[in-house]
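Undergrad: The following comprises the amino acid sequence and a computationally predicted model.
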Amino acid sequence: MRNVNTNEPKEFDEKVIQISRVSKKTKGGNKVGFSVLMVVGDKKGKVGVGLGKASDVLGAIKKGIKKAKKKMITIPLDGTTVPFPITVKKGAGRVMLKPAPKGSGVIAGGPVRAVVEAAGIRDISSKILGSENQASSVYATFEALTQIKKIVELKGIKLKSIAEVEAEEAAKLKELQEKAKSSSEDGKKTAKKAETKAPAKKKAAPKKTVKKAAPKKEAKTEEKK
């Protein structure tokens, strides 16, 4: 899995998931080609998956990007995560997606991570329950996001946008900064009041040192014979 670097401005995030070498038997001999699975997203709710086939890798990548942009869908996000948990089976792949609290990050394997990050999902937990083939997991994840979109549209679920969540976070951060500032100012004022009210401490008088008398020498008594 790798990002594709081009000279064009980065409007979409393009990721190569899998490159496969394909050979086809013909009358003239074996025809060798390549198939590349691509994931394309704008990290703002749009993501697409496409499989490109060509005789060279670069041509297959370009075809995969073109197909992915055609199949792109807009995912409904509840802030920075998905609105509800879902488990979807697509072919051999089976994937479970669950919403995660803000700040937990993307807890997902390689192929699932590539799709959800390209879509702009910042907090999610997932698990691959079916085949560990990368292509199967990518298609299952894309199908799960498509199902979420259909359910939200049918039930009319109201969701928060990323802009609303960021605005709420900025407001909370501003409140915390103001509270911290006011508490520090109050602390300084109380400290100044305590200093003015506290009486000046009297210096303790130095203790008088009494000289001890030297011990008297005992007179030597002569032993009587």
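TA: Alright, I've got the coordinates.
Undergrad: Mind listing what's buried along stretch 129-136?
TA: Neighbour-count burial for stretch 129-136 flags 130, 133-136 (criterion: 16 or more other CB atoms under 10 Å). (Each C-beta comes from the backbone N, C-alpha and C, glycine too.)
Undergrad: pLDDT averaged over that stretch - what is it?
TA: Per-residue pLDDT values across stretch 129-136 average out to 88.
Undergrad: how far does it stretch from start to finish?
TA: Stretch 129-136 has an end-to-end distance of 11 Å (criterion: CA to CA, to the nearest Å).
Undergrad: can you pull the pLDDT of Ala118?
TA: You'll see Ala118 listed with a pLDDT of 90.
Undergrad: how close does it sit to Glu175?
TA: From Ala118 across to Glu175, the span is 34 Å (CB to CB, to the nearest Å).
Undergrad: Counting neighbours, go ahead and name the busier of the two.
TA: Ala118 (22 against 10; other CB atoms under 10 Å).
Undergrad: which non-adjacent residue is nearest that one?
TA: Among residues not flanking Ala118 along the chain, Gly41 sits closest, at 2.8 Å (CB to CB, 6 or more residues apart in numbering).
Undergrad: Could you do Ala54 as well?
TA: Residue nearest to Ala54 in three dimensions, not counting chain neighbours: Ala60, with 4.1 Å by CB to CB, 6+ apart.
Undergrad: would you say that neighbour is within a helix?
TA: Yes - using DSSP: H, G, I helix; E, B strand; the rest coil, the assignment for Ala60 is a helix.
Undergrad: Fine, thanks again, bye for now.
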